[in-house]
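Colleague: structure, please.
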Amino acid sequence: MPRRIAVITGTRAEYGLLRSPMQAIAADPRLKLQLVVTGMHLLPAFGRTIAQIRADGWRIAARVPMQRGDDRPGDQAAGLARGVAGLARYFARARSDIVVVLGDRIEAMAGALAAVTTGRVLAHIHGGDVAPGDFDDSLRHAITKLAHVHFAATPAAARRIRRLGEDPHRIHVVGAVGLDRLRAILAQRACRRCHPRRPPALPQQARCAHCPRHGPLPLNPVTVPRPYALVVYHAWGRSAATEARTMDTLLNVVAAAGLARVILYPNTDRGHRGVIAALERHARRSPRGTVQVVRSLPRDEYLQALCDATVLVGNSSSGVIEAPLAGTPSVSVGPRQAGREPGGPTVIECDEAAEAIRAALARALRLPRRPGRRSVYGDGRAGERIARVLAELPLTPAFTRKVITY
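Modeller: This next block holds a predicted model:
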């Protein structure tokens, strides 16, 4: 019998990262994918991105409602409780062997708690990272202590996992899954046989005949004129008023630099309503055609928009991990990503004051735009490595009994 692998996805961003492990799991005859959808995917206010998962052709094994998205202090706690209960019921019913979670959000925490309390093996992707966020670091390290196997993105992350007392034999440095699809898209964009003149805007559904395994390139969904800034800013636990002021400042600085703005909706972290209010107000007050607000983008379209952007501004991990490889300078505003290893020298950190953002943006706009050759986050084959390890894990009682090594 193939091993039943339950993969938990709760947000549009983490779903995009999980696609390459999911594809590798689905392609391995030793494994059977069970895709469980929860969190933001089920909320209409955030684009109800479960529709995107269906459009990508994935079979959804279960839907587990969690947050209501109303930004009240108790919503996260109540959502976590609903998630643990609903996921535990599914794992028992589906007889899942291994549960895979990614990162540091409450959807991953719910999956982790439901897995270990029902006797499943827990696999954690991107443990050992450092990025304070709201209470992200606390959740990430708690999931690490629950997990039976760790898929670290970098050697430094693996060292942190070992310092938490985890057995080195359970830790695998696989790279960042976010680079897997990005490297394929960059290879197609750089293919001189397919695009000999390297046009600034690639044709819709351009097919690379010499890279057939990558499939067609997606259309860049951006409608504003170039040059444009891709703005991805998330709340991180402060009041809605504080987050609104920060977002107002950020957008005003970018507009003053003469850049059009492509603004993505934030996630459901506490304070998100302030970010949404600020970006919608900015869109209403800006000249027509200079701002595009997007609730959600499919992963491939997001990567195309990132590759063509003049700069990424905000506090998303994609500015630290994916943007350097794409060749897009990024301005990381505030402490949300403090401590995360930059993927290249084009990542510029600054505080939230207008003058600091202005200086960092000016510096970013002077940097040369060329895709990175190497990254501390690996070679873009993380998904393959994860599936191989999952197929070969010793699913024995001894493996599920963890022992602290210090």
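Colleague: the stretch 251-400 of the chain: strands as residue ranges?
Modeller: 260-264, 291-294, 311-314, 330-333, 347-350 (DSSP state E, counting those that start in this stretch).
Colleague: partners of the longest one, with directions?
Modeller: Sheet neighbours of strand 260-264, with direction, are listed as strand 228-232 (parallel), strand 291-294 (parallel) (DSSP bridges).
Colleague: chain center to it, what's the gap?
Modeller: 18 Å (Cα atoms, centre = their mean, to the nearest Å).
Colleague: who touches it?
Modeller: Residues outside strand 260-264 that contact it (Cβ atoms under 8 Å, 6 or more residues apart in numbering): 222, 224-232, 251, 254-255, 279, 282-283, 286, 289-297, 302, 305, 309. Using the backbone N, CA and C atoms, a C-beta is placed for each residue, glycine as well.
Colleague: what do you get for the fourth one?
Modeller: By Cβ under 8 Å, 6+ apart, the residues outside strand 330-333 that reach it are 233, 246, 250, 311-315, 319-320, 323-324, 346-352, 357, 360-361, 364.
Colleague: adjacent strands (with direction) for it?
Modeller: strand 311-314 (parallel), strand 347-350 (parallel).
Colleague: deepest of these, which one?
Modeller: Stretch with highest mean neighbour count among the strands paired with strand 330-333: strand 311-314 (a mean of 28; mean count of other Cβ atoms under 10 Å).
Colleague: can I get it in PDB, CA atoms only?
Modeller: Backbone C-alpha positions of strand 311-314 (Å, rounded to 0.1, in the frame of the first residue of the first chain) are rendered in PDB as follows:
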ATOM      1  CA  VAL A 311      11.300  46.500  -7.000                       C
ATOM      2  CA  LEU A 312       9.400  44.500  -4.300                       C
ATOM      3  CA  VAL A 313       8.400  46.600  -1.300                       C
ATOM      4  CA  GLY A 314       6.900  45.200   1.900                       C
END
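Colleague: give the buried residues for the lowest-mean-pLDDT helix or strand in the chain.
Modeller: The weakest-scoring helix or strand in the chain, judged by mean pLDDT, DSSP states H and E, is helix 178-189 (a mean of 90). The neighbour-count check on helix 178-189 (16 or more other Cβ atoms under 10 Å) flags Gly178, Leu179, Asp180, Arg181, Leu182, Arg183, Ala184, Ile185, Leu186, Gln188, Arg189 as buried.
Colleague: and which of the residues you listed is nearest to Gly383?
Modeller: For the buried residues of helix 178-189, the residue nearest Gly383 by Cβ to Cβ is Asp180; the value is 5.2 Å.
Colleague: one step back: filter the contacts of strand 260-264 down to just the buried residues.
Modeller: Of these, these count as buried by 16+ other Cβ under 10 Å: 222, 228-232, 251, 254-255, 279, 282, 291-294, 296-297, 302, 305, 309.
Colleague: helices of the stretch 251-400 of the chain, start to end?
Modeller: With DSSP state H, counting those that start in this stretch as the criterion, the stretch 251-400 of the chain has helices at 272-285, 299-308, 322-326, 354-366, 382-392, 397-400.
Colleague: which of those sits most buried?
Modeller: Of the helices of the stretch 251-400 of the chain, the one with the most neighbours on average (mean count of other Cβ under 10 Å) is helix 322-326, at a mean of 27.
Colleague: next one: it to chain centre, how far?
Modeller: That offset, for helix 322-326, works out to 13 Å (Cα atoms, centre = their mean).
Colleague: same check on stretch 156-165?
Modeller: The answer for stretch 156-165 is 21 Å, by Cα atoms, centre = their mean.
Colleague: residues touching that stretch, excluding its own?
Modeller: Contact partners of stretch 156-165, identified using Cβ under 8 Å, 6+ apart, comprise 126-130, 141, 144-145, 150, 152, 168, 171, 173, 341, 376, 404-406.
Colleague: also stretch 248-255?
Modeller: Residues from elsewhere that reach stretch 248-255 (Cβ under 8 Å, 6+ apart): 229, 231, 233, 261, 263, 278-279, 281-282, 286, 290, 313-314, 333, 352-354, 357-358, 361.
Colleague: rerun that using 6 Å as the cut-off
Modeller: For stretch 248-255, contacts defined as Cβ atoms under 6 Å, 6 or more residues apart in numbering pick out Ala229, Arg261, Ala278, His282, Val313, Val333, Ala354, Ile357, Arg358.
Colleague: what about it, distance to the chain center?
Modeller: 24 Å.
Colleague: same check, this time on stretch 174-188
Modeller: Per Cα atoms, centre = their mean, the centroid offset for stretch 174-188 relative to its chain is 13 Å.
Colleague: and stretch 260-277, by the same measure?
Modeller: The chain centroid and the centroid of stretch 260-277 are separated by 15 Å, computed with Cα atoms, centre = their mean.
Colleague: state the mean pLDDT of that stretch.
Modeller: Mean pLDDT, stretch 260-277: 93.
Colleague: same question, stretch 120-134
Modeller: The average pLDDT within stretch 120-134 is 90.
Colleague: now that stretch - C-alpha only, PDB.
Modeller: This file holds the C-alpha atoms of stretch 120-134, laid out as PDB (Å, rounded to 0.1, in the frame of the first residue of the first chain):
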ATOM      1  CA  ARG A 120       0.700  10.300  12.800                       C
ATOM      2  CA  VAL A 121       4.300  11.100  11.800                       C
ATOM      3  CA  LEU A 122       4.700  14.800  11.400                       C
ATOM      4  CA  ALA A 123       7.000  16.400   8.700                       C
ATOM      5  CA  HIS A 124       7.800  20.100   9.000                       C
ATOM      6  CA  ILE A 125       9.100  22.200   6.100                       C
ATOM      7  CA  HIS A 126      11.000  25.500   6.800                       C
ATOM      8  CA  GLY A 127      11.700  24.800  10.500                       C
ATOM      9  CA  GLY A 128      14.700  26.600  12.000                       C
ATOM     10  CA  ASP A 129      14.100  29.900  10.200                       C
ATOM     11  CA  VAL A 130      14.000  33.100  12.100                       C
ATOM     12  CA  ALA A 131      11.300  35.700  11.300                       C
ATOM     13  CA  PRO A 132       9.500  37.200  14.300                       C
ATOM     14  CA  GLY A 133       6.200  38.200  12.600                       C
ATOM     15  CA  ASP A 134       3.300  38.200  15.000                       C
END
